[in-house]
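Visitor: build me a model:
(one chain, ligands or ions: 1)
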Amino acid sequence: MSEPRRARPGDIALLVGRDRKRRLVRLEPGETLQTHKGVVRHDDLIGLPWGSRVLTHMGFPFLLLRPSLNDRILHLRRISQIVYSKDAGYILLKMSIGPGTRVIEAGTGSGALTIVLAHAVRPDGRVYSYDVRPDMQRLARKNLRSVGLEDVVEFKLRDVAEGFDERDVDALFLDLPNPWDYLHQAHTALANGGFFGSILPTANQVSRLLVALERASFGHIEVEEILLRPYKPVAERLRPTDQMVAHTGFLVFARALVSGTAVAPSPDETPAATEPPEEGEDDVP
Ligand SMILES: C[S@@+](CC[C@H](N)C(=O)[O-])C[C@H]1O[C@@H](n2cnc3c(N)ncnc32)[C@H](O)[C@@H]1O
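Guide: Residues are numbered from 1 along each chain as shown. Got it, this is the predicted structure:
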C-alpha cells in the first residue's frame, strides 16, 4: 500500500472544527493558528497525513484536510459578485467544457468562474478571459496564481463591445449585466454550433436576452435555475439548514447557429428542451 500523503511546509491546509467552521491556512514552520478553541502550531501539522485529527492546546479537535477547489474558491478575495459553485459545475456540463476545450468568458470579475473553467480545460485547453477593469483582472490573476492555474488563462483587458480576438471557440460565457449587447461579437467568436451561456440575476434581464438571442442566430435556447439546499448532517435529526442561498442567478444557454438559421419559438411554446425526454426519444442511433 502506498504511503498516505502528508502535509508539507507551504501547503494550504483546511482545518475543520466541531462547529464545522472552515479555516484555510498556509503551513509555515514556526507559525501558529489562533482559534477560539485554542492554538494549533503549524509545526504539529507539518508531516501529518491528510485526514488526521489534531488537538488545539486546549484539547479541542480539528480535522486536517487538503482543501477542495470549492474550499479554495469560497476563500478567495473578491471584489465582484462571483459565480457560485452550484452554477459553475452545471455550466461545465451544459457547455461540454472539459480537457482541451477553448472557452471565452467575460467579465473576469474576481476570477471564480475562471478558476473552474481553467481547472476543467487543462492541460491542453485554454481560457480567454476578458474584463474592462484592470483592478478586476489584477485580483483574478492573483487568485488564479494562488491555485496554480494562471498558465491556462489568457487575460485580456478590453470592453467586449470591441469584439473577441479568438475564432471558432467551443464555448463562450458572459457574466456581465447586458449580454444582449454583445451577441454579435459572441457569435463571431464561436464555432458553428458552439455553446453560449450567461448568468443573470433578474428575470427581466433574461427576457431581454431571450429576445436578442432569437434575433442573433442562436438556437436551442434554455433558461434554468439551480437551487441547492444544504442539510445538517446529523443522523438522528436530519433536516435542511435554517438558511440557504435562495437565489444566485438564472442560467441561459444557447447554441450558435449558422447565420440566418435562427428559428424563433412561438410565444406559447413550452420549454420542451429542459423537460426530461420521453422514453426512447433520446435514443441515439
Ligand atoms: C459579476 S462580475 C464577473 C464575476 C466572475 N464571473 C466571477 O465568477 O468572479 C462582472 C464583470 O464584468 C465586467 N464587465 C462589465 N461589462 C463589461 C464589458 N462590456 N466588457 C468587459 N467586461 C465587462 C465587470 O468589470 C465585472 O468585473
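Visitor: alpha carbons only for contacts and neighbour counts from here, please
Guide: OK.
Visitor: please enumerate the helices of the stretch 101-250 of the chain.
Guide: For the stretch 101-250 of the chain, applying DSSP state H, counting those that start in this stretch gives helices covering 112-121, 134-146, 183-189, 203-215.
Visitor: does the ligand sit close to the shortest one?
Guide: When you say that, I think you mean helix 183-189. No: counting by Cα under 6 Å from any ligand atom, the ligand has no neighbours in helix 183-189; the shortest distance is 11.1 Å.
Visitor: and what of the last one?
Guide: No: for helix 203-215 and the ligand, the contact criterion (Cα under 6 Å from any ligand atom) is not met; the two come no nearer than 13.9 Å.
Visitor: and that helix, what's buried?
Guide: Gln205, Val206, Leu209, Leu210, Ala212, Leu213, Glu214, Arg215 (16 or more other Cα atoms under 10 Å).
Visitor: what about the closest residue to His75 other than its chain neighbours, how many residues nearby?
Guide: Spatial nearest neighbour of His75, excluding adjacent residues (Cα to Cα, 6 or more residues apart in numbering): Leu24 at 7.6 Å. For Leu24, the neighbour count with other Cα atoms under 10 Å is 17.
Visitor: looking at it, Leu24 is touching Asp11, isn't it?
Guide: No: with contact defined as Cα atoms under 8 Å, Leu24 does not reach Asp11; the gap is 10.2 Å.
Visitor: would you mind listing what in the stretch 51-200 of the chain touches the ligand?
Guide: Residues of the stretch 51-200 of the chain lying near the ligand (Cα under 6 Å from any ligand atom): 80-83, 106-113, 130-133, 136, 158-161, 175-176.
Visitor: now list the buried members of those.
Guide: 82-83, 106-113, 130-132, 136, 158, 160, 175-176.
Visitor: what sits against Ala140?
Guide: By Cα atoms under 8 Å, 6 or more residues apart in numbering, the contact list for Ala140 reads Thr108, Gly109, Ser110, Gly111, Ala112.
Visitor: quick revisit: quick one: secondary structure of the residue nearest to His75?
Guide: strand (DSSP: H, G, I helix; E, B strand; the rest coil).
Visitor: okay, and the beta partners of it?
Guide: Taking DSSP bridges as the rule, Leu24 bridges to Leu14.
Visitor: got the contact list for it?
Guide: Contacts of Leu24 by Cα under 8 Å, 6+ apart are Ile12, Ala13, Leu14, Leu15, Pro67, His75.
Visitor: so which of those comes closest to the ligand?
Guide: Taking Cα to the nearest ligand atom as the measure, the ligand lies nearest His75 of these, at 12.3 Å.
Visitor: give the contact list for Thr188.
Guide: Applying Cα under 8 Å, 6+ apart, the residues near Thr188 are Arg167.
Visitor: can you flag the buried ones in the contacts of Leu24?
Guide: For the contacts of Leu24, buried by 16+ other Cα under 10 Å: Ile12, Ala13, Leu14, Leu15, Pro67.
Visitor: now those residues in JSON lines, with pLDDT?
Guide: Shown next, in JSON lines, are these (pLDDT from 0 to 100):
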{"residue": "Ile12", "pLDDT": "95"}
{"residue": "Ala13", "pLDDT": "96"}
{"residue": "Leu14", "pLDDT": "97"}
{"residue": "Leu15", "pLDDT": "96"}
{"residue": "Pro67", "pLDDT": "96"}
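Visitor: looking at the chain, which residue reaches furthest from the middle?
Guide: When distances are taken from the C-alpha mean of the chain, Met58 lies farthest, 37.9 Å away, according to Cα atoms, centre = their mean.
Visitor: isn't that residue right up against Lys37?
Guide: Yes: under the criterion of Cα under 8 Å, Met58 makes contact with Lys37 at 6.7 Å.
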